[in-house]
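In: following is a predicted model, sequence given first.
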Amino acid sequence: MIELKLGEAHLGVLPSLGGSLAFWRLRGRDLLVPTADPNLAAQKNTPVAGYPLVPFSNRIGGGRFSFEGQDYTLARNFGAEPNAIHGNGWERVWSVAQSDAERAILYLDHDPAKGDDPAQWPFAYRAVLSFVLHRTGLSVEILLANRDTRSQPVGMGYHPFFARSEDMTLNFAARFFWENGPDMLPTDQKSCEGAWCFDPARLVGEARVDNCFSGWEGRVRLAYPSAGYSLDIEADPVFQHLVVFTAPEKNFVAVEAVTNMNNGVNHPDILENGVHVLAPGQRISGIIHYRVVEERG
């Protein structure tokens, strides 16, 4: 594990476990909740506090998609679920390019022509993941480059597990959310109204959400009134979508800034699906900033 320290901020990074975070603490407070998911077998049932989503976010229906006239099949990598999920970056060992007290830069090369499993992803790519620790925040930068001889469709994002409290509120503005079918794939795009509106802020409470939001403005605030702080998220415009997961029985809330809508690669008919088609040598990148605001000064 790589440990970054700055003032009262402390971050643990796990390059060998999918480029995951082990923890993020500030002033002795755990901002993220390490969580083990037995469905993510490559994490070896080790609790992690966050992990990258490359080269796509969320689900690809049935692990199948077509691109430029060719059909592809991916491994189903989430327990009994019939979909491929969260890309393959979380399944792999990342290399360390740089590490010092306040910054860690990791990279991952995936290349089926050199023996990597094409059922994880059929195209060659390089991902670079940078963590920069601040005194009251954390910046996560993701870069994804096409290292194949063919164009490829990609997406990316970050999946943190934020600590949950009884009085926690969630605030973000988005125009639409995607309703899911029984297979958790998006079916209908609907306006964010009533129970699906989080602007103004509202208690997380008993809400049960596992959905992708679009028309997102790139900002989120998680507030913890009894603990006396808020956590602000600000993402670059490349992250057009926001995936939110919360369930009353869980001790975390996942708020994921991502580029593509769920199953976006199978929705080329949707102009704003967030899937980026990269020609050989092309790349995309973006930064997500997390900042703690102490309400009590």
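Out: Ah, there it is. Numbers count the residues shown, from 1 in each chain.
In: so what strands line up beside the helix or strand hosting Asp188?
Out: Secondary structure from DSSP states H and E places Asp188 in strand 186-191. Take DSSP bridges as the rule and strand 186-191 pairs in its sheet with strand 176-180 (antiparallel).
In: partners of Val277 in the sheet?
Out: With DSSP bridges as the rule, Val277 is bridged to Pro153.
In: I'd like to know how many residues surround it.
Out: Using other C-beta atoms under 10 Å, Val277 has 14 neighbouring residues. For glycine as for every other residue, the C-beta is placed from the backbone atoms N, C-alpha and C.
In: that one: what's it in contact with?
Out: 151-154 (C-beta atoms under 8 Å, 6 or more residues apart in numbering).
In: how about Asn260?
Out: With contact taken as C-beta under 8 Å, 6+ apart, Asn260 is in contact with 56-58, 155, 157, 240-241, 273-276.
In: could I have stretch 195-211 exported to PDB, CA atoms only?
Out: What follows is stretch 195-211, C-alpha atoms only, in PDB (Å, rounded to 0.1, in the frame of the first residue of the first chain):
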ATOM      1  CA  ALA A 195     -38.600  11.600  -5.300                       C
ATOM      2  CA  TRP A 196     -36.000  11.800  -8.100                       C
ATOM      3  CA  CYS A 197     -35.100  15.400  -7.500                       C
ATOM      4  CA  PHE A 198     -32.100  16.200  -5.200                       C
ATOM      5  CA  ASP A 199     -32.100  19.900  -5.800                       C
ATOM      6  CA  PRO A 200     -32.600  21.400  -3.200                       C
ATOM      7  CA  ALA A 201     -30.800  19.000  -0.800                       C
ATOM      8  CA  ARG A 202     -32.800  16.200   0.800                       C
ATOM      9  CA  LEU A 203     -32.200  13.600   3.300                       C
ATOM     10  CA  VAL A 204     -30.900  10.300   2.000                       C
ATOM     11  CA  GLY A 205     -33.000   8.500   4.600                       C
ATOM     12  CA  GLU A 206     -34.800   5.500   3.400                       C
ATOM     13  CA  ALA A 207     -34.300   6.300  -0.300                       C
ATOM     14  CA  ARG A 208     -33.300   3.400  -2.500                       C
ATOM     15  CA  VAL A 209     -31.500   4.500  -5.600                       C
ATOM     16  CA  ASP A 210     -29.300   2.600  -8.100                       C
ATOM     17  CA  ASN A 211     -29.600   4.800 -11.200                       C
END
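In: buried set for that stretch?
Out: Buried residues in stretch 195-211, counted by 16 or more other C-beta atoms under 10 Å: 196, 198, 204, 207, 209, 211.
In: what's the average pLDDT for it?
Out: Computed over stretch 195-211, the mean pLDDT rounds to 94.
In: how far away from the center of its chain is that stretch?
Out: Here stretch 195-211 shows a centroid-to-chain-centroid distance of 19 Å under the convention C-alpha atoms, centre = their mean, to the nearest Å.
In: and stretch 150-162, how far out from the chain middle?
Out: A distance of 7 Å separates the C-alpha centroid of stretch 150-162 from that of its chain, computed with C-alpha atoms, centre = their mean.
In: tell me the contacts of the closest residue to Thr73 other than its chain neighbours?
Out: Nearest residue to Thr73, sequence neighbours excluded (C-beta to C-beta, 6 or more residues apart in numbering): Arg64, at 5.4 Å. By C-beta under 8 Å, 6+ apart, Arg64 lies in contact with 71-74, 266.
In: all good on my end, thank you.
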